[in-house]
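Asks: pasting the structure only:
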């Protein structure tokens, strides 16, 4: 993929048309909308945003399921993306799509920021986010030692928004975080297998999101911009077994759309040999509420029932679960590996 190809097709702050529903101020750019949603924008195409579990960890000592499963400390985790654009338009995505605001197309191209700049600015952005918690320390509501740890993040979740494989220097970005002592989780929709196969620097753990067991359901739910997207997702799946780092297939389960046939998922995944499968409920939050009803969010029991059938079909074990996040972890291992 050339450096211009992905982002050029998609959204940007300079791209807006006055074709949306009445009542919206179409002079407001997409990036301005993101700032209102408390995104910390970096350069031309990257961002950091406070994760709910960062707040929960600092204020209520309640960590994310990734801390429970893999040892990734929620208060030291940066939720970031090197590319706000995405080549899917998933109905269940909680993020704002440009089309949600009537913003489409882009004829512009501003170049790509260097990985060193993005990493440095993502750490600065995280510290700006954390500055508001100093008062919690002064009031005795937050241990100073934990706050100081949070100011020195150790993990980057490259998953906030958009599709990170559209950033042409992803390899160097992962490498830059690694050189600074970070662990990294890379989360991809699988639409760019060449990028995955070309990674010289692997993330600490690679996530491939699978949203449907077959092409028809995939197209209906994910609305990809590329006609060959399903074939590319299958190609990405095939590449998983070549990675040395742990791999995760994450299934986002949407009730009434994609969770009625766990056996078909098992057949789809059998050649990928992922270290883990995360069966996780769609959550009725953010902009997805404009596209789906509340009933599309399965209960934890429904996710667990799906996962039990899938585990039996794949020969995997259920090794962990989190009811509050509605996620069940499957693996051939007896327990998930702690990465920290």
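Replies: Arrived safely, thanks for sending. Not measured: the values here are computed from a predicted model. Numbering: from 1, shown residues only.
Asks: Any stretches of the stretch 101-250 of the chain with poor pLDDT?
Replies: 103-110 (pLDDT under 70).
Asks: let's see 90
Replies: Scanning the stretch 101-250 of the chain for pLDDT under 90 picks out 101-111, 160-161.
Asks: Now do the helices in the stretch 201-340 of the chain.
Replies: 215-222, 229-239, 262-269, 300-314 (DSSP state H, counting those that start in this stretch).
Asks: mind listing what's buried in the longest one?
Replies: Read it as helix 300-314. 300, 303-307, 309-311, 313-314 (16 or more other C-beta atoms under 10 Å). For the C-beta atoms, the positions are set from N, CA and C on the backbone; glycine is no exception.
Asks: before we move on, what about the second one?
Replies: By neighbour count, and taking 16+ other C-beta under 10 Å as the criterion, the buried residues in helix 229-239 are 229-230, 232-237, 239.
Asks: Report the central residue of this protein.
Replies: Centrality entry for the chain: nearest residue to the mean C-alpha point is residue 159, 3.1 Å, by C-alpha atoms, centre = their mean.
Asks: Contact partners for the residue nearest to that residue when sequence neighbours are not counted?
Replies: Closest residue to residue 159 apart from its sequence neighbours, by C-beta to C-beta, 6 or more residues apart in numbering: residue 187 at 3.6 Å. By C-beta atoms under 8 Å, 6 or more residues apart in numbering, the contact list for residue 187 reads 157-159, 164, 207, 209, 250.
Asks: re earlier: just the buried residues of helix 229-239 now: which is nearest residue 279?
Replies: residue 237 (16.1 Å; C-beta to C-beta).
Asks: thought that closest one was touching residue 213?
Replies: No: look at residue 237 against residue 213 with C-beta atoms under 8 Å: they stay out of range, at 11.7 Å.
Asks: shared neighbours, the two?
Replies: With C-beta under 8 Å, 6+ apart as the test, residue 237 and residue 213 both reach residue 268.
Asks: still on that earlier bit, adding distance to residue 60, write the buried residues of helix 229-239 out as JSON lines.
Replies: Shown next, in JSON lines, are those (distance: C-beta to C-beta, whole Å):
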{"residue": "229", "distance to residue 60": "39"}
{"residue": "230", "distance to residue 60": "41"}
{"residue": "232", "distance to residue 60": "41"}
{"residue": "233", "distance to residue 60": "37"}
{"residue": "234", "distance to residue 60": "41"}
{"residue": "235", "distance to residue 60": "42"}
{"residue": "236", "distance to residue 60": "37"}
{"residue": "237", "distance to residue 60": "37"}
{"residue": "239", "distance to residue 60": "39"}
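Asks: one step back: need the buried ones from the contacts of residue 187 selected in ChimeraX.
Replies: Buried subset of the contacts of residue 187, written as a ChimeraX selection, criterion 16+ other C-beta under 10 Å:
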select :157,158,159,164,207,209,250
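Asks: Could I get the pLDDT score of residue 16?
Replies: pLDDT recorded at residue 16 is 37.
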